[in-house]
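In: Sequence first, predicted model second:
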Amino acid sequence: MAVFPFLVVAWIVAVGLYGLVTSRDLIHQIVCLIVVQSSTYVLLLGVGYVTGGVAPYFYDIGRRALAVDPVVQALALTDVVVEAAVTALLLSLAVQAHKKFGTLDPHDLAEFKG
Amino acid sequence: MTQHAVMQVLQVVALVLVAAGATVVVRTRERVRLVIALSAYGMLLAILFFVFQAPDVTLSELTVGAIALPLILLLAISKVRKPE
Amino acid sequence: MTPKLRLWLFVIGVAGLAACYLWAFHGLPGFGNYPGPYGPEILKRAIPETNATGVVSAVNFDYRGFDTVGEEFILFTAAAGMSVVLRRLRGEQQQEQGHSPADEVMHRNVPPTSSALRVAALVLVGPMALIGWWLATHAQTNPSGGFQGGVILASAFMLVYLSGESIAFRRLSPVDLLDVAEAMGAGGFAAVGLAAVVQGLPFLYNYLPLGQSPGAVSSSGTIALISFLVGIEVAAAFMLIVGELLEQTLLRRSGRQKEGSS
């Protein structure tokens, strides 16, 4: 249990990269990128966890309660929303590529004619 | 079972589900099914974040992963679909 | 480079990455034994210093406010980049073909939206907008904040589109208003920080009055204000993103309706 979350993070990264490398569709590649990025959230939260700690909100519990680390939660929180916007930008580039080349297969997209 | 043990079991189960969900998302090839799988993966992630005592991140992941991302993906897919 | 060669290169690369990763494990203190010192220090000081019981939002908008400004500008740039790419794409298509994409997809038959979907979506728009607003303005007390509230606000507007009223969606959120709202949100955040510099304090210092009791809505100084501005900006950014992707679909649908009625 001491290292299990980090093993899961490594598995998600490996699986996501495998999907990225063996994909034949640009949309599928973008989704694999999302999966790889989600592994970083799990890593951040796994690093900041304190056994027996509660969420760092003290509205109705005492001030001295043991709480998990709030800094990594702040980082992960903004990350999640920004990832969606960057994915949208990638998707618009994919749409543009489809318009120019007629296909979304990365193997066929690699040919840039002069 | 003590409270710590219950939390540990929940966390292990959530982690295993997330690992399985990631595998399923990567192995799905057809586009619309991919979007539904990604939406389910987002919800599994939200459950994991909740069990890790991070309700803020849970809210973010739920709204983004189950609402905004699938909508954006579906709109983009509908743009590149060949007319039947 | 054949697929097999690529796969073998990938396997070698991932093996190397896994080796480095396992080596890095040995330095980690294990899951659950977070050693600090940054986390416990902030937990001790957050409520006395900022009167905000939601420590994560206090970290986001006060202690690490500079990172949040950077992230918000990533969001802003992504929405702007999307507008540039897709508007140019739409202009090109309308130049090439006489009637644009409405022609190609007139034969695509889209099933009409069912009444249950329309009613459910329209009924939920109000509560969702309210919840989004509530989340964006209560960052300092509960697990909420500008980012989540903004996305939920944008989703409330997307529900209008989902219920089949795409023209209403367009009229409800004209692009110029959204551009202005997004710029106001992002610029407002930077302006709040710069107002601190003008007063001789560091950038993004918390200079507004902190309020009486911790956890009240009107407490914690600039945190509440920044969260509200971030909520506006995120909502506008997401509505712009969806609106840009929707333009194409709208053209098709209006083209099809014209064809059907003629």
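Out: Nice, I can see it.
In: Report whether stretch B:55-64 contacts chain C.
Out: Yes: under the criterion of Cβ under 8 Å from any Cβ of the partner chain, chain C is reached by stretch B:55-64 at B:55-56, B:58-60, B:63-64. For every residue, glycine as well, the C-beta is placed using N, CA and C.
In: Can you pull out the residues in contact with that stretch?
Out: Stretch B:55-64 is contacted by residues A:41, A:45, A:55, A:57, A:73-74, A:76-77, A:80-81, A:83-84, B:42-43, B:45-47, B:49-50, C:56-57, C:135, C:143-145, C:147-148, C:151-152, C:155 when judged by Cβ atoms under 8 Å, 6 or more residues apart in numbering or on different chains.
In: ok now it, how far from the chain's centre?
Out: How far stretch B:55-64 lies from its chain's middle: 11 Å, per Cα atoms, centre = their mean, to the nearest Å.
In: Dump that stretch to CSV, restricted to CA.
Out: Below are the C-alpha coordinates for stretch B:55-64, written out as CSV (Å, rounded to 0.1, in the frame of the first residue of the first chain):
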residue,chain,number,x,y,z
PRO,B,55,-13.4,17.5,-2.9
ASP,B,56,-12.3,20.5,-4.9
VAL,B,57,-10.5,18.5,-7.5
THR,B,58,-13.5,16.1,-7.5
LEU,B,59,-15.8,18.9,-8.5
SER,B,60,-13.5,20.1,-11.2
GLU,B,61,-13.0,16.7,-12.7
LEU,B,62,-16.7,15.9,-12.6
THR,B,63,-17.7,19.1,-14.5
VAL,B,64,-14.9,19.0,-16.9
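In: Stretch C:194-202: end-to-end distance?
Out: Distance across stretch C:194-202, first residue to last, is 9 Å (Cα to Cα, to the nearest Å).
In: Okay, helices next: where are they in chain A?
Out: A:4-21, A:26-47, A:70-101, A:106-109 (DSSP state H).
In: can you tell which of those helices is closest to residue C:64?
Out: Ranking the helices of chain A by proximity to residue C:64 (Cβ to Cβ) places helix A:70-101 first, at 6.0 Å.
In: before we move on, back to that, now, of the contacts of stretch B:55-64, which are buried?
Out: With neighbours counted by 16 or more other Cβ atoms under 10 Å in any protein chain shown, the contacts of stretch B:55-64 contain buried members at A:41, A:45, A:55, A:57, A:73-74, A:76-77, A:80-81, A:83-84, B:42, B:45-47, B:49-50, C:56-57, C:135, C:143-145, C:147-148, C:151-152, C:155.
In: Kindly provide the distance from the residue in chain B that chain A sits nearest to to residue A:22.
Out: In chain B, the residue that lies nearest chain A is residue B:26 (3.5 Å; Cβ to the nearest Cβ). Separation of residue B:26 from residue A:22 (Cβ to Cβ, to the nearest Å): 9 Å.
In: neighbour count winner among these two?
Out: Set residue B:26 next to residue A:22 and count neighbours by other Cβ atoms under 10 Å in any protein chain shown: residue B:26 wins out with 26 against 15.
In: before we move on, back to that, which of the residues of stretch B:55-64 next to chain C sits closest to residue C:198?
Out: residue B:56 (31.3 Å).
In: Mind naming the longest helix for chain B?
Out: Longest helix in chain B, counting by DSSP H: helix B:3-27.
In: Residue ranges in chain B under the pLDDT threshold?
Out: B:1, B:83-84 (pLDDT under 70).
In: Near chain C, which residues of it? Just list them.
Out: Counting by Cβ under 8 Å from any Cβ, chain B sits next to chain C at B:55-56, B:58-60, B:63-64, B:67-68, B:71-72, B:75-76, B:78-79, B:83-84.
In: ok, now with 6 Å
Out: Along chain B, the residues adjacent to chain C under the rule Cβ under 6 Å from any Cβ of the partner chain are B:55-56, B:59-60, B:63-64, B:67-68, B:75, B:79, B:83.
In: Would you convert these into CSV that also reports secondary structure?
Out: Formatted as CSV, those follow (DSSP: H, G, I helix; E, B strand; the rest coil):
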residue, secondary structure
B:55, helix
B:56, helix
B:59, helix
B:60, helix
B:63, helix
B:64, helix
B:67, helix
B:68, helix
B:75, helix
B:79, helix
B:83, coil
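In: Find the pair from those with maximum spatial separation.
Out: B:55 and B:83 (44.8 Å).
In: So which of the two has more stuff around it?
Out: residue B:55 (20 against 11).
In: Name the spans of the stretch 101-250 of chain C whose pLDDT lies under the cut-off.
Out: Across the stretch 101-250 of chain C, the ranges flagged by pLDDT under 70 are C:101-111, C:164-173, C:211-219, C:248-250.
In: Walking through it, point out its helices one by one.
Out: C:115-137, C:146-162, C:166-172, C:175-198, C:222-261 (DSSP state H, counting those that start in this stretch).
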